Every structure is written in C-alpha cells, then in structure tokens.
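Participant: Could you look at this predicted model? Sequence included:
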Amino acid sequence: MKISFIPIDYDYFDFQGRNYVKVIGRSKEGKKICLIDSCDVYFWAILKDGLNENEINSLIEKILGIQLDVKGRKTKVEKVELVDKKFLGKDVKALKIFATNYKDLHDIVDELGFDEIEKRRGYDLGFVTHYIIEKKINPLCWYEIEGEILDNSLEFGEIGKYLDVDLCIKLKNYEKIEEKKFSPKVLAYDIETDGIKIGEGEILMVSLVSENFKKVITWKGKESLKEDYVEHVKDESELLEKFVEYVRKISPDFLTGYFSDGFDLPYLKSRADKLGVKLSLGIDDSQPKFSRGKMMTGKINGIVHVDLLRFIQTAYSQYMKSETLSLNEVANEFLGDSKKDFEHKHSSEIKKGEWGIYFDYNLHDSVLTYNLFQKFWPDLLEFTRIIREPVFEISRAGLSKYVESYMLHRLEKFNEIPEKRPTYNEISERKHRGKVKGAFVLEPTPGIYEDLVFFDFTSMHTSIIISFNLSRGTLLEKKKKDCYESPEIEIGNDKKRFYFSKEPGFFPELLKEIFNKRKQFKSEYKNEPNKITKARSNAFKLLSASVHGYIGFFGARYYSWEASSSILAFVRKFNIDAIERIKKEGHQVIYGDTDSIAFLRNGKSKSEVKDLLKKINSELPGIMELELEDFYKRGIWVTTRTGEFGAKKKYALIDEEGKFKIRGFETVRRDWCALAREVQNKILLMILKEGNEEKALEYIKKVSKKIKERKIDLKEIVIQTQLKKPLGEYRSITPHVVAARKIKERGMPISPGTLIKYYISETEGKKKLVRDKVKLLDEEGKYNIEYYLEKQILPAVENIFQVFGVDVKDIIKDKKQRTLGDF
DNA sequence: GGTCCCTAGATACC
DNA sequence: ACAGGTATCTAGGGACC
C-alpha cells in the first residue's frame, strides 16, 4: 500500500540501544500517521595530510577496537570507511566512523586523540537534524511512502498499540512527490487565570478554537447567560481533564497559543501537577516537556506546540508597525481585529453578570490566535521547507539558526563535512577580536528638498557575498594570481586586504538560493500587494539580510571575521562609488545609509534617471544591482539636537501619490509621549504637503496654548519605556526605573520586557530631577507644563522649524505672554 | 547650586 | 549567546567651581 504523506514533526527514541525516529505527519486523506524509521549513525574524522595506506589502515584498526560502556549503554564503533571529502572547500581524506547510538558520538570522539586525526566533525548536529539530512525526509514536503503497518505489531515494544495515531508504519520505501495542498489542522488555545505567576492562582477557563469549533471550558459563572460555546465543568481539575480530552479528540497538527511557551502551557502543567491531573496531551500519553533556555519552551509529543509570539519575534518584528508584540496590537496590524474589552480582575470580584463577557473575551483571544496562525502559516511553511528543520524549531529559532540550518542541510551537494559549533573558548576569543567596522552613512545637509530619487542596492550584503565568493571556506591565506580582493580594511593602525578564491564555495553558492527566493517573493508582492505577500517578502528579505550578520556572529559555525570585514568594506566602497557616480551626472546627493542613496532630480526627467540607473548597473560586478526605490515629491532633513551636523537616520518624505515615509523622527519612537509624536507628525505632514512652515506654525501655537491651559488628556502625555533588564541591575536610576519600582511596590509583576508607563507631574519643593516627578497613570497629579513644553514638544519640533530659519523656542515657552495674560 | 562632560539606556535605521 | 554595526537623544552621574 502506497500512501501520500507529509512530515510535520520529528522525535526519536532508543530501542535495543539503537536510535529510531518517529515522524509524525498526515496522509493526503488527512489520517494522522507515525512513521518509524532509522538511519546510519556516524561522524567524521578528518585525517592529516600525507598519511600512507599502512598508517591509515592501522588507524582504522585502532578505531574499530573502540568499545564503550556509557550511561549503562554498550556502544561501539561498528564500521569505518575511508572517504574523499571536502572540509571548508578543501579536499581531505576522512574516516566515516559508524556507531550504534547518536548520543554516544561525543564519547567516541573523546577517545579519538590520535595524532593522525586532524579534526573530528559531524557529531553535534542533533539526531533529528542528522536523520533529515541522511534520509531527506524533509518537513512539510510530500512523499509517497510504503512500509509495514505496526498498529497491532509487537515491534518496538508494541509502539503501534499505544501511539494515538491512525496509522503507525515502519518505513520501507519512500519517494518525493509533487507538492499537494496541505491545510493543517490547527487548534488555538488561551487560558484565563487568577494568578500572574505560573501556577499561582486557579485557572478559571480555557478557550479552544479550531475550524468550525469554538469552546470555552469553565467551572465558573454557572449562573451566567449560557452561550452554546460555553461548557461548564465541576472544578478546575475537571477543566484540565476536559481540555486534554478535547485536544486529543481534535488531534490537531498544531496547538497554538500566544506567549503560550511562557504562560499558558507551563501554567496548565503547573496546575495539573498541583491537582494531580495528568496533562497527557502527547500521542504517547506523555505530558508536555519544558526545556529551559533563554526562553522556556513547551513541547508536546506528536502535536507541534507553536507559540506564535516567538515566530513573530524572529520573522516579523523588525518590519512591523506595532510598538509592542501584544496580541492586541499584532492582531490589529495583521487582522484588523482586536481583543474584546474586559478589565481583568480577580474572580472573587467578578459579578454574576460579568462572566459572559469574560467567556467571550477568552474565546476571542483564541479566535485571534487561530486567525493569526492562518495568516502566518504560508510563511511558516515556506521557512520550514527552505530551512528543512521541523516546524517546532523554525517557530522558535533565531535568525542565526535559520541561516545555519539552511547551510547544514545542503552540505552534501558539495561533499562538505559540517563544521562544529564553536567551543566556549572560541566564542570568547571571537568576542575579544574587536568589532568589525560597519557601513557608511552619508551626513545629510539639513533642508527641505523637492523632486528626490531614492536608489538602493538589492540585498546588498548578500549580493556582495555571492559576487565575491566571500566566506570562511573561500578565504585565502595569501594573494593568488586570480582571486577576489577586498578593499583596504583598517586593523588598528594597519591597513590590510583579504583575498578570496574564485572557485565557487559552498557557502556563497548556497546563498544564491535564498537570494532567488527573496527576488521571487518581492515580485510576488509587487504583483499582488497585500499584507501577507508583503510579510513574506519582508521575511525573506530578513533571512537574506541576516546572512552577513551570521558570518559575523560569534556563535556561528561558519563565523569569519575576515569575511565579515570584507563584506562591510565592499558595502562601504560600492555605496560611496555610487554616490560619486551620481554626483558626476550632475545630481546633488542628499543622503545615503548603507545601501541607499537619496539625490535630487536636478531638472532631469524620470526616464533620464532610469537610464542612469541602467548605466550604473551595467558597471556593477557579479549579481550586484542598484534599483529605483521610488521618486519623492518632497523631503526634509534636519540637524542634530546640538545643531552642529545634519542628523543621520532621520528624515521624512512624501511620494508622488501623497504617501508619507517618516524615519527616525520622534514620531516613530515609542519612548516619546503621544502628544509630542502627534504634534511632530502633523507638522511634518503639513510641511511636506505645503512646502512651507506657515500652517505648522499656527498649529504649534495652538498646541502650546492647550498645554498651558491643562487641556491635554492623560493618555496623550504618557511616556512608555521598556525595562530591558532586571530592576536591580540598573546602574543609573532613570525615570522609567523609578516608575518600575513603584509598580513593583504595588506587588504587580515586572520583568525585562515590560513596558513601563508613567507621566511627569508638577511637584512641590525643589525637586530638580525628572525622576522625582514621575507618577504612575492612576496617581493623582497635574502634568508638568514646563516639562511637556520644553522636554517633549520643543525638542520634537525645534529643528524642523529651524530648517526654515524659524526659532520656535519663544513661541512655545512664551512665558512673558502668559504672565501678561494672567493679569 | 550650577555648569560641563561623559555614560547608561532605549530605540531607531539599514 | 542565540544576526550585525551606526546613530540619535535624554537623563543621570560625577567633577569642578
């Protein structure tokens, strides 16, 4: 019997000392299937150059004799083969050393301190990754499989009997087949509790949302108006049991929550432990397992637990408008939907009539999570397919893991042996080597300009890596006759160049694939602009842009200070060259940052500009490409606060359709109060639309009057700042630290990541410091007129008006006039 | 108590 | 530790008068 099958999750177990993989997935017909499979277990010993046959044979004999008894497990070297391989692009002779159990490879490696062996590699990938590489049963790709059905078999300790799947198959044959549509079964969940710390208070309710399925399980508010999605149970224990029952009945591919790694799942587990309920969510009846890293991670056997927040953090946060990654804001941005209104309070304070609202609130959180999962699914799918790690990992990993896994899964094509993870000592050496000099930013001349053009390089770092074959493996020890040469790089007081082979390296070659995906999704977005094509385009832009960061990241297997420095040196060179080239054509260049150039049309037509672009492109090497970002009707650049220089990374533009683009200004910074941000935003828009400052000046007069008359709402003057580390670690006591202390005193939870909200009030006495005037939002007080005028409004608008030679200081402060008016 | 300079800290840009 | 460097800006911290 042949079955079309899509792998979703991977797990492994030991049976009689050997490793077996469980691949959980679906058949085309929607049946949940568990494949049992195994693969060769081995690692590599790279031999020193120039060993003769006898030396190699006697080495192999020695290695074959290795037998270990580790952790009660007998393991041995089963087989050794001599193979021609490559390591970092160089030809090497290597021994492929087969062993019984993957977990023992480290111990065998430790026994291999022979002089003939130069390096030992390929033992630190993790068994699942090793398996996927070995067998090429890639996640979320379709296969036609054949095998022995184990449902009633005694094999593997009767695994087929106790696994909660439709079919359990011992894999015999498989073949990759063409892609089919796959709509995963998704179940979203969310809990409401009386506690904030994990397991502290009771769980009041849990909501579950799947396709055509909505449920709130609760043991509270029985008297309340009964909605048909509400299911009442006896108590909290029964709630937990019912939750498990529904999850098992629905048997989803994905169980998804929002911040559920950090809250919902550990909370459920903790309460279940306290109440003696087994949270047997796994297909093998196992309970969720938590691993502690920087972030806690909750894993369920056979169901992929996806904390959407984690995926959004890595894949989208840099491209989002939302200022926080709260469910509400993210849902707003991607779904145009919000959380329902409900003011959280302890269950003892909830009135009878309010429970219905609470249930609805709880349900809607799961609805939002479910819908968000569906929105992001195409991206999660694409990332998983291209990176080839299980969805569970993809949904949680950082960018370095994305890049690295992409490479590791494709080394075989190049006959490459994988590099190992750096050791602790190597990491600290890398950290101490000194920063790589970064990109070039052109200082703008402050002013307001008309008819602007923005050019930018397409995936600049990536195209440089590809075009100049830059990587650790292609770095040459010294200059060769025919090689790529980096621009001069300053090292201390020295200048140096690095040289790279022209023989294509596996790393730059592999990058091409990412680069092409990026191109494909970008044009897809252009043809069909919507939130999702945009998100996907941005996601791959991010992956593509992360590769040079990966090379410079000290934890990377393929870290290279030399390659990283060279990439940045090329980035600087090409941007500066392009600036000069555009100047030479008679354009005034206003600004440039890393891979972009802004310049004036200076009377030239758009098609002349496009011709210039073509000309420049024909002169660029390799796959490097400069593209037209857009034409802009008007743009403004200001000075820095001190007024000495043109400010970098701060500008505002209006395009020809009247769309605004604002970068770096207080308007886009969340640590400024809404009032200052709105005022600055309005002023920028007026100025960009009209091309003069008159209206804006009128407006600013009105606003400062309103402030002085205390007519500003509290929510307009709230300042919010994120706590970035534990409260005790702050060396300087800033306003937001003071505010955070106040919150803590009230017994409210704060931790790194919490947004601290406060306002600055009038104070009696001679308190000078801002932090002495900090008040929380519910603390009574009058806002500090002077502070908001001089420290929020004035700095936000002062240097914008300065561009027109207008000094707004007196207009805003206006102290004399106020005194006169008072009489 | 005020001024100057420097640093810590947060956030943005690419 | 979990992609990088460049940059702006505020408020605190400390030296000095």
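Facilitator: That came through, no problem. Residues are numbered from 1 along each chain as shown, chains lettered A, B, ... in the order given.

Participant: which residue sits closest to the residue nearest the centre of chain A, ignoring its sequence neighbours?
Facilitator: Of all residues in chain A, the one closest to the mean position by C-alpha atoms, centre = their mean is residue A:314, 0.7 Å from it. Spatially, and ignoring its direct neighbours in sequence, residue A:314 is nearest to residue A:398 (5.7 Å; C-beta to C-beta, 6 or more residues apart in numbering). All C-beta atoms are positioned from the backbone trio N, CA, C, and that covers glycine.

Participant: now do residue A:81
Facilitator: residue A:96 (4.4 Å).

Participant: Identify the bridge partners of the one you found.
Facilitator: Assessed by DSSP bridges, residue A:96 has beta-bridge partners residue A:44, residue A:81.

Participant: can you pull the contacts of it?
Facilitator: A:42, A:44, A:80-83 (C-beta atoms under 8 Å, 6 or more residues apart in numbering).

Participant: Separate out the buried members of those residues.
Facilitator: A:42, A:44, A:80 (16 or more other C-beta atoms under 10 Å).

Participant: In JSON lines: those residues, plus pLDDT and distance to residue A:413.
Facilitator: Below are those laid out as JSON lines (pLDDT from 0 to 100; distance: C-beta to C-beta, whole Å):
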{"residue": "A:42", "pLDDT": "97", "distance to residue A:413": "18"}
{"residue": "A:44", "pLDDT": "98", "distance to residue A:413": "17"}
{"residue": "A:80", "pLDDT": "96", "distance to residue A:413": "24"}
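
Participant: when you check DNA strand C, which of those turn up near it?
Facilitator: Among the buried ones among the contacts of residue A:96, no residue sits close to DNA strand C (C-beta under 7 Å from any atom of the strand).

Participant: Closest one to residue A:305 out of the residues you listed, please.
Facilitator: For these, the residue nearest residue A:305 by C-beta to C-beta is residue A:42; the value is 31.4 Å.

Participant: The closest residue to that closest one other than its chain neighbours - how many residues pack around it?
Facilitator: Among residues not flanking residue A:42 along the chain, residue A:98 sits closest, at 4.6 Å (C-beta to C-beta, 6+ apart). Around residue A:98 there are 15 other residues, counting by other C-beta atoms under 10 Å.

Participant: Residue A:98 reaches residue A:39, doesn't it?
Facilitator: No. The criterion here is C-beta atoms under 8 Å, and residue A:98 misses it with residue A:39 at 10.9 Å.

Participant: Touching, the residue nearest to the centre of chain A and residue A:403? I think so.
Facilitator: No. Look at residue A:314 against residue A:403 with C-beta under 8 Å: they stay out of range, at 11.6 Å.

Participant: Just to be sure, residue A:758 is in a strand?
Facilitator: Yes. Assignment of residue A:758 by DSSP: H, G, I helix; E, B strand; the rest coil places it within a strand.

Participant: Identify the bridge partners of it.
Facilitator: residue A:719.

Participant: how close does the nearest residue to residue A:798 once chain neighbours are set aside get to residue A:793?
Facilitator: Nearest non-adjacent residue to residue A:798, counting by C-beta to C-beta, 6+ apart: residue A:808, 5.9 Å away. Here the criterion is C-beta to C-beta, to the nearest Å. By it, residue A:808 lies 9 Å from residue A:793.

Participant: Give me the common contacts of these two.
Facilitator: residue A:700.

Participant: Now do the contacts for residue A:564.
Facilitator: By C-beta under 8 Å, 6+ apart, the neighbours of residue A:564 are A:436, A:548, A:551-552.

Participant: hmm, 10 Å instead?
Facilitator: A:435-438, A:461, A:465, A:470, A:472, A:548-553, A:556 (C-beta atoms under 10 Å, 6 or more residues apart in numbering).

Participant: Kindly report the same for residue A:556.
Facilitator: A:400-401, A:403-404, A:407, A:419, A:421-422, A:427, A:430, A:472, A:549-550, A:564.

Participant: ditto for residue A:443
Facilitator: A:591-592, A:637, A:640, A:645-648.

Participant: By pLDDT, give me the weakest of those residues.
Facilitator: Within these, pLDDT reaches its minimum at residue A:645, with 90.

Participant: What is the burial count for that one?
Facilitator: Neighbours around residue A:645, by other C-beta under 10 Å: 12.

Participant: got it, and residue A:521?
Facilitator: Residue A:521: 21 neighbours (other C-beta under 10 Å).

Participant: That concludes my questions; thank you for your assistance.
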